[in-house]
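Quick check, what structure comes out for this input:
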Amino acid sequence: MSRVCELTGKGRQVGHNVSHANNKTKRTFLPNLQNVTLISDALGQSVKLRVSTHGLRSVEHVGGLDNWLLKTSDDKLSPKVRKLKREIVKKGQAAA
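Predicted structure coming up:
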């Protein structure tokens, strides 16, 4: 399973451990991923996702999963979340 947030696309970064003697060794910085269940108000169902804590805070700040998905471009999203976004847009068009 890859270490990538399904909502924000945030993945691992590569850097150095730097010792007191200034020796540099490669290391990776992994995102803080959590398995969460988010509720879609438009669809009336819950969705299990693997989301970074930064992504989770972003969703809460905007006002929920539906609002966040409608404001986010598709290139950052995982295929599972793109499908969810299409379903939410269809529900919104059907209601209007």
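
What ranges does this structure have for its helices?
53-62, 65-71, 79-95 (DSSP state H).

Quick check: buried residues in the last one?
Spelled out, it's helix 79-95. Residues of helix 79-95 classed as buried: V81, L84, K85, I88, K91 (neighbour count, 16 or more other CB atoms under 10 Å). Backbone N, C-alpha and C define where each C-beta goes, glycine included.

Quick check: most distant residue from the centroid of the chain.
Relative to the centre of the chain, the most outlying C-alpha is that of A21, 38.0 Å out, by CA atoms, centre = their mean.

Quick check: the gap between that residue and E87.
Between A21 and E87 the computed distance is 56 Å (CB to CB, to the nearest Å).

How about S19?
51 Å.

what do you get for L43?
As judged by CB to CB, L43 and E87 stand 6 Å apart.

again with V81
When V81 is compared with E87 (using CB to CB), they lie 11 Å apart.

how about low-confidence regions in the protein?
Within the chain, the ranges that satisfy pLDDT under 70 run 1.

Over to G11: give its phi and psi.
Backbone geometry at G11, expressed as degrees, to the nearest 10, gives phi -130, psi -160.

Now do the same contact list for it.
The contact partners of G11, by CB atoms under 8 Å, 6 or more residues apart in numbering, come to S2, R3, V4, C5, P31.

Isn't the second one up against L33?
Yes. Contact between R3 and L33 holds when scored by CB atoms under 8 Å: they sit 6.4 Å apart.

between these two, who's got more neighbours?
Using other CB atoms under 10 Å, the more surrounded residue of R3 and L33 is L33, with 21 against 13.
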